[in-house]
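Student: 3D, please:
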Amino acid sequence: MEIKEVTERTPVLIERLLEVWEGSVKATHLFLSDREIEQIKHYVPQALEEIPNLIIAAEESGLPVAFMGIEGQKLEMLFIAPEERGKGYGKRLLQYGIENHDIRELAVNEQNPQAKDFYEHMGFQVYKRTEQDEQGGFYPLLYMRLNG
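Tutor: Next comes the predicted model:
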């Protein structure tokens, strides 16, 4: 597994990360309908272009299988291809982000308990809950901070 910071965001890379995003969301965001996923998908390429720090995890062939986006000290996104879940990509990415970008905060959908459990395992604790997500949808968010 190789972790690398992306400086050049090519259309081919964005398309592959969009595939990773969609597969990950369909596997973990079971509270979203297919229609909602398709609506959100339209905004993902722009988010990938604009996030200040985009970091990918690639398999030996160089194909990205996971990625995260960081702004300031906040993890904004972390997605793993569904067939690669449970192989340590999320842990390695998050550790890299904590060590190299001083990640201290994140928000996670309350309806995604696997993600919440993962972040708690990695040392984050919930400090705030909202009824709506940041786009105004009725998907409660849990805001988490890194202990220590």
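
Student: continuing past the longest helix anywhere in the chain, what's the next helix or strand?
Tutor: The helix that spans the most residues within the chain, counting by DSSP state H, is helix 11-28. Next helix or strand after helix 11-28 toward the C-terminus (DSSP states H and E): helix 34-41.

Student: tell me how far that following helix is from the chain's mean position?
Tutor: 16 Å (C-alpha atoms, centre = their mean, to the nearest Å).

Student: could you measure the residue nearest the centre of the chain against G136, distance?
Tutor: Note on the chain: the residue nearest the mean C-alpha position is L78, at 1.5 Å, using C-alpha atoms, centre = their mean. Distance of L78 to G136, given as C-beta to C-beta, to the nearest Å: 22 Å. Just so you know, the C-beta spots here come from the backbone N, C-alpha and C atoms, and that holds for glycine as well.

Student: From V65, how far off is G88?
Tutor: From G88 over to V65 the distance is 11 Å, taken as C-beta to C-beta.

Student: ok, the two, which is more surrounded?
Tutor: Ranked by neighbour count (other C-beta atoms under 10 Å), G88 and V65 place V65 first, with 22 against 14.

Student: could you list every residue that touches that one?
Tutor: V65 makes contact with V20, A57, A58, E59, I80, A81, E84, Y89 under the criterion C-beta atoms under 8 Å, 6 or more residues apart in numbering.

Student: Name the nearest residue to the last one, sequence neighbours excluded.
Tutor: What it means is Y89. Counting by C-beta to C-beta, 6 or more residues apart in numbering, Y89 lies nearest to A66, which is 4.0 Å off, once chain neighbours are set aside.

Student: looking at this, that neighbour is in a helix?
Tutor: No. Assignment of A66 by DSSP: H, G, I helix; E, B strand; the rest coil gives strand, placing it outside any helix.
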